[in-house]
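Engineer: Predicted model and sequence below, questions to follow.
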Amino acid sequence: MFRSIVNTVRKDGRGTNRLPGEEMILDPECHTYVVKHRAVSRRIKGKLYLFCSTACAQQYEEKNTS
């Protein structure tokens, strides 16, 4: 575990905010990042969207389906 955390430090000395292998996505409603495999998905007008929560998914869907 410690090695995987150390390996996330880049050559310029700045670290990352995630462990290797965790893809982050941006929630289109609240603009926060969430780990992709934990995201809530919704297909709206034929396009797949990923959200941080069901509340954000519902709010976005209400705004964009009328």
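Structural biologist: Thanks, I have it.

Engineer: Skipping adjacent residues, who's closest to T32 in space?
Structural biologist: C52 (5.4 Å; Cβ to Cβ, 6 or more residues apart in numbering). C-beta: built from backbone N, CA, C; applies to glycine.

Engineer: what's the burial count for the one you found?
Structural biologist: With neighbours defined by other Cβ atoms under 10 Å, the count for C52 comes to 20.

Engineer: distance of it from Q58?
Structural biologist: According to Cβ to Cβ, to the nearest Å, C52 and Q58 sit 12 Å apart.

Engineer: A39 now?
Structural biologist: Taking Cβ to Cβ, one finds A39 at 14 Å from Q58.

Engineer: Next one, pLDDT for G15 please.
Structural biologist: Looking at G15, its pLDDT stands at 51.

Engineer: scratch that, T65
Structural biologist: pLDDT, read off for T65, is 84.

Engineer: re earlier: if you count surrounding residues, which of A39 and Q58 has more?
Structural biologist: A39 (20 against 14).

Engineer: Which residue comes closest to that one once chain neighbours are left out?
Structural biologist: L50 (3.9 Å).

Engineer: Who are the contact partners of that neighbour?
Structural biologist: I25, D27, V34, K36, A39, V40, S41 (Cβ atoms under 8 Å, 6 or more residues apart in numbering).

Engineer: want to try a markdown table for these, with distance to K63, secondary structure and pLDDT as columns?
Structural biologist: Output for the contacts of L50, formatted as a markdown table (distance: Cβ to Cβ, whole Å; DSSP: H, G, I helix; E, B strand; the rest coil; pLDDT from 0 to 100):
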| residue | distance to K63 | secondary structure | pLDDT |
| --- | --- | --- | --- |
| I25 | 19 | strand | 96 |
| D27 | 13 | coil | 98 |
| V34 | 19 | strand | 95 |
| K36 | 23 | helix | 94 |
| A39 | 18 | coil | 97 |
| V40 | 16 | strand | 97 |
| S41 | 17 | strand | 97 |
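
Engineer: Thank you kindly, that will do.
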